[in-house]
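Q: curious how this folds, go ahead:
(3 chains)
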Amino acid sequence: MARGGWRSDRRPLGPYESRVVPQLPQLILTGVTVGATYALAALGFSIIYNASGVINFAQGEFIMLGGMIAAFLAALGAPLPLAVVGAVAATALIGFIVAKLAIAPARGADVTTLVIITIGVSMILRGGVEATLGKGGRALPPFSGDKPIAIAGAMVSPQSLWVMATTLVVVAALALFFTRTRHGKGILAAAYNRLAAELVGVDTRRVLSMSFVLSAALGALGGVLIAPIANASYDAGIMLGLKGFVAAAIGGLGSGVGAVAGGLALGLMESLTAGYVSSAYKDAVAIVVVLAVLLVRPSGLFGAASGGET
Amino acid sequence: MLHAPPSALVSRAPTLIFAAALAALPLILPNAYYYDVAIRIAANATVAIALNLLIGYTGQISLGHAAFFGLGAYGSAILVGVFGWPPLAALVASAAAVGTLAYLVGRAILRLEGHYLAMATLGLGVVASIAIGNEVALTGGPDGMAVPDFSVLSWRLAGEKSWYWVFAALLVAAIALADNLVDSPAGRALRALHGSQTAARTLGVDASAFKTRVFVLSAVAAAFVGSLYGHYEGFVTPGLAAFPKSVQLMTMVVVGGMASVWGSVLGAALLSLAPELLARFQGYETIGFGLILVITMIFLPRGIAPTLAARFGRKAA
Amino acid sequence: MLSVERLSKSFGGVAAVSDVSFSVAKGAIHAVIGPNGAGKTTLFNLITGLDTPTSGSIRLRGEEVAGLPPESLARRGVARTFQNLQVSMNLLAIENVMVGAHLRLNSSLLAAMARRPNLVARDRRARQEAAELLAFVGCGAYLGAEARAMPYGALKRLEIARALAAAPELLFLDEPAAGLNHTETDEVERLIGEIGRRGVTVVLIEHDMKLVMNVSQRIVVLDYGKKLAEGAPDEVRRNPEVIAAYLGAANDGA
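A: Numbering: from 1, shown residues only, chains lettered A, B, ... in the order given. Reported below is the predicted structural model:
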């Protein structure tokens, strides 16, 4: 799986270039930026898992769709803010459709069936993009230019700042949503005990579709934010989804704090591996790490979710 | 009212008929292209049967099984092409190496359940294909590498017609062996693990040992087929171990029929032929596969073969 | 046969089983009774290896077995049924019973695939024995049936047949009569008596007092995880603490 995801470091070197190992602050910055995207993806996984016990293997495709649709709209001439909003909205709608058409009919099916359905959905989404927008990578212009800013000895691209700031805002908003609003608390209640939640008036059928809409929007936002840094392409979803799940699993499925922590941790580990070991194997880091974590603590660092071990 | 299982001949009849049909098939295959299709179906079906033992009968999940197939293919390719080993020895060594890897990995991850196991197997498959793609010196990298012909002593196996017999025989053997396994104490233990692991353990079924054993068995089978397939094609690419191939194999099992040997054959046939039939729809394979998966899982969760068998009142194989 | 000493199990802060001691003689039929939530199934889980005690000892024929996994206990002649049915619905009824004989058959995958003749012959005998066990527990009508097609009462007896297929020396029955009607309960009572007569040591959890009184030689009463009383049926029936525990529970529940 050498394709997809971050194309930036797979470019062959020109005759006068050399690969210099970046400094530590730079690596950390890259790690946090990437980690923020993973955190958003992991949050998406956790929200759906909390709401329905389903691991949405198509989450990576939501991220991909965000980037691809935004790039498509921008290429059509839409101003950047419109492209961003349009991409997030469109993906959220797609999430709704997925929940209604593919997941809801299979409620109560066993884990294997659900896993396969979401894999099928991810293929439909990926194949759909391949068929309509082609296999080529697409670029999105950076939100506020690409002149790096010097901070603490490292060169930060404005886009990285956008990523980190937006993620921070989103995470805070989500925390408020789930702990303060009726809808948010309803979703959590339904996760703990569906019957009890229904008895107190939570519409649990809407919980499923709402959770997909929310996760799709989150994923798309992450995809849009990162698209200027690493080109989007139709098959970017596979690795992004895998890593998003890895981040969620490290932190503990279903735990918001865990998702963010896991995402950042994963981003940092990848960045450091790419810098000090080998950029080719950085994708493998994610997998090795999650396996190591799960073997030691089957429910992740912060989680208490079931479905971990016999 | 079944009191004793049907006599050996009766239960073997479908297999024997199938073998006869495979033997007669060359009479109607017009040219090498059709032989190629038949070989691909047979190879996929053999791997699908092995995979079904793991996911259909024992109830585990494996989203990275193509990795074993690809590793087997590359193992033989490297041992024969780079180190000059005799192909037969390479075949055995490759399968053994993959089996060992599967044992070590399986012992560790088969403790996990459900989604975690799914992700772990997916991740392993990805690591394997990354490794294959990156070790360019050994594997030729993303462009793949050539594989010398399969030869034993001085006899060379080449050409679709000869390879057809090999893969057909392999498929028939796989069907027979799988049937044997399913209706045996070991097979019942595996299926009992799927039904209720707790109860099985209290009856003395060592859950982790059995799960590991069937995992290794299905990995070795995939590697074995992969090795031979590499020799047949004369070329191996990292795609043989990649996620799309894993999904293809799993789709064959799931659509054809979980816990059904004939279902796997059916699934392999359908899904190997589909790209041929849909050749006009280039670029739509992914979306097509996805639709097949989703629709089958929603409407026929047990797959085609068991659903048909239930409809017509018989028990599925 | 079995001796449990100061057995305790806590989940977090909650003591499910607390300092329980009793012993079961070979060939005896014991019952463990108590109000709901008294820790009876936890006790079973501890003895049959599905859970690990926090402290205490479990001796089987003098050997310390606390904390061993269920597979090990099965190898030592222990079998059980489940309160909430743990039947493999994907198998035939007779196949479920045959799994009970797992330890007595050759379970090698390779030998199975090779279809070695003596494995086939042995398997045929195992099928015969399973059919006889199905008849013994009164499920003869389900000889060719799928487990998922069987009614609840039959499934409970199927579990007993499956446990017997292991030829156990010590059999644990967790609420064998739960959810059964009078006829079925009488059938189970008869079955337990017959099993006892064949020399199997039986320990059962039951709420049906008539069954318990008729079938048991000794009764252990649990309440809130602690042993409340132990003795012959008549002694226990007249024990004021036992009566209070049950009446109290009845009042709370009413």
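
Q: and the residue of chain B nearest chain C?
A: Nearest residue of chain B to chain C, counting by Cβ to the nearest Cβ: residue B:195, 2.4 Å away. Where you see a C-beta, it was placed from the backbone N, CA and C, and this is true even at glycine.

Q: quick one: pLDDT of that residue?
A: Residue B:195 is assigned a predicted lDDT (pLDDT) of 88.

Q: hmm, it is touching residue C:85, no?
A: No - here residue B:195 does not reach residue C:85: they are 11.2 Å apart, not a contact under Cβ atoms under 8 Å.

Q: so those two - more neighbours on which side?
A: Comparing residue B:195 with residue C:85 by neighbour count (other Cβ atoms under 10 Å in any protein chain shown), the higher total belongs to residue B:195, at 21 against 18.

Q: what's the longest helix in the chain?
A: Defaulting to chain A. Longest among the helix segments of chain A by residue count, using DSSP state H, is helix A:24-52.

Q: wrong chain, I was asking about chain B
A: helix B:207-233.

Q: what packs against that one?
A: When contacts are defined as 3 or more Cβ pairs under 8 Å, 6 or more residues apart in numbering or on different chains; DSSP states H and E, helix B:207-233 packs onto helix B:32-52, helix B:66-81, helix B:87-109, strand B:150-152, helix B:160-182, helix B:185-195, helix B:197-202, helix C:109-114.

Q: check contacts around the spatially most central residue of chain A.
A: Nearest to the mean C-alpha position of chain A, by Cα atoms, centre = their mean, lies residue A:41 at 2.1 Å. Going by Cβ atoms under 8 Å, 6 or more residues apart in numbering or on different chains, residue A:41 touches A:59-60, A:63, A:218-219, A:222, A:240-241, A:243-244, A:247-248, A:263.

Q: give me that answer again for 10 Å
A: Residues near residue A:41 by Cβ atoms under 10 Å, 6 or more residues apart in numbering or on different chains: A:59-60, A:62-63, A:215, A:218-219, A:222-223, A:240-248, A:259, A:263, A:266.

Q: my guess is residue B:60 contacts residue B:117. True?
A: Yes - contact status for residue B:60 versus residue B:117: in contact at 6.6 Å, counting by Cβ atoms under 10 Å.

Q: the residue in the stretch 101-250 of chain B that chain A sits nearest to: which element?
A: Taking Cβ to the nearest Cβ as the measure, the point where the stretch 101-250 of chain B comes nearest chain A is residue B:123, at 3.5 Å. Mapping residue B:123 onto the secondary structure by DSSP states H and E places it in helix B:114-134.

Q: angle of that helix against helix A:24-52?
A: Helix B:114-134 and helix A:24-52 are oriented at 140 degrees to each other (axes from the mean of the first three to the mean of the last three Cα atoms, to 10 degrees).

Q: next, the angle helix B:87-109 makes with helix B:114-134.
A: Going by the same axes, to 10 degrees, helix B:114-134 makes 140 degrees with helix B:87-109.

Q: what's helix B:114-134 packed up against?
A: Taking 3 or more Cβ pairs under 10 Å, 6 or more residues apart in numbering or on different chains; DSSP states H and E as the contact definition, the neighbouring helices and strands of helix B:114-134 are helix A:111-133, helix A:236-251, helix A:282-296, helix B:66-81, helix B:87-109, helix B:136-139, helix B:243-256.

Q: got the confidence number for residue 177?
A: This is for chain A. In the prediction, the pLDDT value recorded for residue A:177 is 82.

Q: actually it's chain C I care about, not the one you picked
A: At residue C:177, the pLDDT value in this model is 90.

Q: OK, contacts around it?
A: C:153, C:156, C:184-189, C:192, C:204, C:206-208, C:210-212.

Q: look at the closest residue to residue A:217 other than its chain neighbours and say how many residues are nearby.
A: Ranked by Cβ to Cβ, 6 or more residues apart in numbering or on different chains and with sequence neighbours excluded, the top spatial neighbour of residue A:217 is residue A:92, at 4.2 Å. Counted with other Cβ under 10 Å, the burial measure for residue A:92 works out to 22 neighbours.

Q: again with residue C:179
A: Residue C:179 is surrounded by 11 other residues when neighbours are defined as other Cβ under 10 Å.

Q: would you mind measuring from it to chain B?
A: If you measure residue C:179 against chain B using Cβ to the nearest Cβ, to the nearest Å, the figure is 18 Å.

Q: tell me the secondary structure at that residue.
A: coil (DSSP: H, G, I helix; E, B strand; the rest coil).

Q: wouldn't it be in contact with residue C:152 here?
A: Yes - with contact defined as Cβ under 10 Å, residue C:179 and residue C:152 form a contacting pair (5.9 Å).

Q: spell out which residues are contacts of both of those two.
A: A shared contact of residue C:179 and residue C:152, defined by Cβ under 10 Å, 6+ apart, is any residue touching both; here these are residue C:85.

Q: output stretch B:47-57 as PDB, nothing but the C-alphas.
A: Listed next in PDB are the C-alpha coordinates belonging to stretch B:47-57 (Å, rounded to 0.1, in the frame of the first residue of the first chain):
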ATOM      1  CA  VAL B  47      -7.700 -19.500  -1.500                       C
ATOM      2  CA  ALA B  48     -11.300 -18.600  -0.900                       C
ATOM      3  CA  ILE B  49     -12.000 -22.100   0.500                       C
ATOM      4  CA  ALA B  50      -9.000 -21.700   2.800                       C
ATOM      5  CA  LEU B  51     -10.100 -18.300   3.900                       C
ATOM      6  CA  ASN B  52     -13.700 -19.500   4.400                       C
ATOM      7  CA  LEU B  53     -12.400 -22.000   6.900                       C
ATOM      8  CA  LEU B  54     -11.200 -19.100   8.900                       C
ATOM      9  CA  ILE B  55     -13.900 -16.600   8.500                       C
ATOM     10  CA  GLY B  56     -17.000 -18.600   7.700                       C
ATOM     11  CA  TYR B  57     -16.500 -21.700   9.800                       C
END
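
Q: for residue B:229, what are its contacts?
A: With Cβ under 10 Å, 6+ apart as the criterion, the residues that contact residue B:229 are B:39-40, B:42-44, B:46-47, B:69-70, B:72-73, B:76, B:147, B:163, B:167, B:236, B:240.

Q: if we use 6 Å, what do you get?
A: With Cβ atoms under 6 Å, 6 or more residues apart in numbering or on different chains as the criterion, the residues that contact residue B:229 are residue B:43.

Q: likewise for residue A:263?
A: A:35, A:38-39, A:42, A:247.

Q: what parts of the stretch 201-317 of chain B come near chain C?
A: For the stretch 201-317 of chain B, the residues in contact with chain C (Cβ under 6 Å from any Cβ of the partner chain) are B:201-206, B:213.

Q: now render these as TSV, adding pLDDT and neighbour count.
A: Rendered in TSV, the data for these read as follows (pLDDT from 0 to 100; neighbours: other Cβ atoms under 10 Å in any protein chain shown):
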residue	pLDDT	neighbour count
B:201	93	25
B:202	93	28
B:203	93	25
B:204	91	24
B:205	92	25
B:206	91	21
B:213	93	21
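
Q: now for those: which two are most distant?
A: Among these, the pair separated by the greatest distance (Cβ to Cβ) is B:202 and B:213, at 19.6 Å.

Q: how far off helix B:114-134 does the longest helix of chain B point, in degrees?
A: Interaxial angle, helix B:207-233 versus helix B:114-134 (the same axes, to 10 degrees): 30 degrees.

Q: residue 124: neighbour count?
A: Since you didn't name a chain, this refers to chain A. Around residue A:124 sit 23 other residues, with neighbours defined as other Cβ under 10 Å.

Q: that was the other one, I meant chain B.
A: Using other Cβ under 10 Å as the criterion, residue B:124 is surrounded by 24 other residues.

Q: wait, doesn't it sit right on residue B:62?
A: No - at 9.1 Å, residue B:124 does not count as touching residue B:62 under the criterion of Cβ atoms under 6 Å.

Q: in the stretch 51-200 of chain C, which residue sits nearest chain B?
A: Here the residue of the stretch 51-200 of chain C nearest chain B is residue C:88; by Cβ to the nearest Cβ that distance is 2.4 Å.
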